[in-house]
Every structure is written in C-alpha cells, then in structure tokens.
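# need a 3D model of the following:
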Amino acid sequence: MTSAAVLFGAGDILAQQGVEKRGLKNHDLMRTIRLSFYGGCIFAPILMPWFRTLERINLKSRVLTTVARVGADQFIAAPCLVGLFFTAMPILEGKPHEIKERLATKWQPTLLKNWMVFIPTQAINMSIVPPPLRLLVVNVVSLFWNTYLSWANSAAPSVGQEIKAKIQ
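Have a look, this model is predicted:
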C-alpha cells in the first residue's frame, strides 16, 4: 500500500511538474494527496489479491498460462480498474457529478493506452519474472503510467475526446 501511494503521488508530481509545467508555486498539493490516497487505499488493496488470483491460473504450457494471465489481467481487471479510477477521483475531488462525463470521455482512450503499455509489460512480467518480483515490475512501469493517469484525469474532457478520435 505504501509503495502504491508513493508511486501514485510521484506520478502526479511528474504530471504537474514535467508534463503540465505548473512550477512549484502552482503545484496542487491536494491533487497529489488524492492520487496518493487512491493508490495506497483503493488501488493497492485490490491489486494484491488480484495478483494472487492470477498466480492460481496454471494451464498445460507456460505460454498458455502467460496468455491466460495477461488476458485476465488486461481484459477483466484493467477495464474495471480504469473505470474505478475515473469514478473515485471525482468523488475524492468533491465533484461526483463529473463521474459520468469522465467515464464517457476518458475511460476508453485511457483503457486503450493502458493496453499499449501493460499488455507487453505483463507478457514479459508473467513469463520471465519470478512471482515475488512481478509487483515490483508493475510498480516501476506504473510510475510513468500514473503520470499519464494524473494528467488524463485533470485534463479537460475535450482532451479525452481528442485522444479518442486520434486512436480511432
């Protein structure tokens, strides 16, 4: 939980300072705290049992096992977790009325980008990385992914529509 909180917070700092170029004076500390809270208190408690569930998938070959694990992770968990993110953040921001709009404009383009990042990551992770180190691999990649999530969440809804149009 602690590592997820730190990584989500660090991702937000990278988004605000590296991507959005806000500068320290304009840094939104509450946004960083919200992202850290989400990572540590919402995301991590779901992800740990999910990874244990994936480890129980064992098929006839290593390749089939990897495909099944990655498929379950990316086509069952990822859509739900991306939806959870765009549901939880407006609630944490005190803007629950924005949930429907964020899901409508940001869920699909974010999920597609998630697949571009995490299908190859998880294929490598689940095929050659020893189980005790798999969460570490995901956490390292997540630092950069969390930067994108933070930016996508804070960007105007039209940005989600523009990204969606470019992908399609």
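# helix, strand or coil for the residue of the chain positioned farthest from its centre?
What lies farthest from the middle of the chain is residue 60; by Cα atoms, centre = their mean that is 30.5 Å. What DSSP: H, G, I helix; E, B strand; the rest coil gives for residue 60 is coil.
# burial of residue 86, as a residue count?
Applying other Cβ atoms under 10 Å, we find 24 residues neighbouring residue 86. Heads up, the C-betas are built off the backbone N, CA and C, glycines and all.
# check residue 122 too.
Using other Cβ under 10 Å, residue 122 has 25 neighbouring residues.
# now swap in residue 135 and tell me
18.
# ok, residue 29 next?
By other Cβ under 10 Å, the residues close to residue 29 number 10.
# now do residue 79
For residue 79, using other Cβ under 10 Å, the count is 15.
# was I right about it contacting residue 111?
Yes: the pair residue 79 and residue 111 qualifies as a contact (Cβ atoms under 8 Å) at a distance of 5.8 Å.
# I figured residue 42 hits residue 87, correct?
No: the criterion here is Cβ under 8 Å, and residue 42 misses it with residue 87 at 10.0 Å.
# how far away from the center of its chain is stretch 142-160?
10 Å (Cα atoms, centre = their mean, to the nearest Å).
# CA-only coordinates of it in PDB, if you can.
C-alpha atoms of stretch 142-160 as PDB (Å, rounded to 0.1, in the frame of the first residue of the first chain):
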ATOM      1  CA  SER A 142       3.300   2.300 -13.000                       C
ATOM      2  CA  LEU A 143       5.300   5.400 -12.100                       C
ATOM      3  CA  PHE A 144       5.100   6.500 -15.700                       C
ATOM      4  CA  TRP A 145       1.600   5.200 -16.100                       C
ATOM      5  CA  ASN A 146       0.400   7.100 -13.000                       C
ATOM      6  CA  THR A 147       1.900  10.300 -14.600                       C
ATOM      7  CA  TYR A 148      -0.400   9.700 -17.600                       C
ATOM      8  CA  LEU A 149      -3.400   8.900 -15.300                       C
ATOM      9  CA  SER A 150      -3.000  12.000 -13.300                       C
ATOM     10  CA  TRP A 151      -2.700  14.200 -16.400                       C
ATOM     11  CA  ALA A 152      -5.700  12.400 -18.100                       C
ATOM     12  CA  ASN A 153      -7.800  12.900 -15.000                       C
ATOM     13  CA  SER A 154      -7.000  16.600 -14.700                       C
ATOM     14  CA  ALA A 155      -7.200  17.400 -18.400                       C
ATOM     15  CA  ALA A 156     -10.300  19.000 -19.800                       C
ATOM     16  CA  PRO A 157     -12.900  16.500 -21.100                       C
ATOM     17  CA  SER A 158     -12.200  17.600 -24.600                       C
ATOM     18  CA  VAL A 159      -8.700  16.200 -24.300                       C
ATOM     19  CA  GLY A 160     -10.200  12.700 -23.800                       C
END
